[in-house]
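Participant: Here's a sequence, model it:
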Amino acid sequence: MQPLVAHAGWRTSPEDARRVALGASTPGARTPVPLEEARRVAREARSNAAAED
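Facilitator: The predicted model follows:
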């Protein structure tokens, strides 16, 4: 199992942060799904911009 870091923000307990981070992640992945999706979209945008040059 890989370590997971979750920051408890304002009015959030460490347990709540843990629960949210694990709930947003897929099994075996260290990165929450929304962040994976954002990275994918950014890669596609960079690729499309490079293709237009």
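
Participant: CA only for contacts and neighbour counts going forward, please
Facilitator: Fine.

Participant: Spell out, range by range, the strands that occur in this protein.
Facilitator: In the chain, no segments count as strands under DSSP state E.

Participant: who's in contact with the longest helix that it contains?
Facilitator: The helix spanning the most residues in the chain, taking DSSP state H as the definition, is helix 33-52. With contact meaning C-alpha atoms under 8 Å, 6 or more residues apart in numbering, helix 33-52 is reached by 24, 25, 26.

Participant: Spatially nearest residue to the second one, not counting backbone neighbours?
Facilitator: Spatial nearest neighbour of residue 25, excluding adjacent residues (C-alpha to C-alpha, 6 or more residues apart in numbering): residue 32 at 4.2 Å.

Participant: Pretty sure that neighbour sits against residue 18.
Facilitator: No - taking contacts as C-alpha atoms under 8 Å, residue 32 lies outside contact range of residue 18: 11.6 Å.

Participant: okay, the contacts of helix 33-52 in CSV with neighbour count and pLDDT next?
Facilitator: Formatted as CSV, those follow (neighbours: other C-alpha atoms under 10 Å; pLDDT from 0 to 100):
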residue, neighbour count, pLDDT
24, 13, 80
25, 16, 78
26, 12, 76
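
Participant: which among the residues you listed gets closest to residue 14?
Facilitator: Nearest to residue 14 out of these is residue 24 (C-alpha to C-alpha; 15.4 Å).

Participant: How about the contacts made by the residue lying closest to the closest one once chain neighbours are set aside?
Facilitator: Excluding the flanking residues, the one nearest residue 24 by C-alpha to C-alpha, 6+ apart is residue 32, at 5.1 Å. Residues near residue 32 by C-alpha under 8 Å, 6+ apart: 21, 22, 24, 25, 26.
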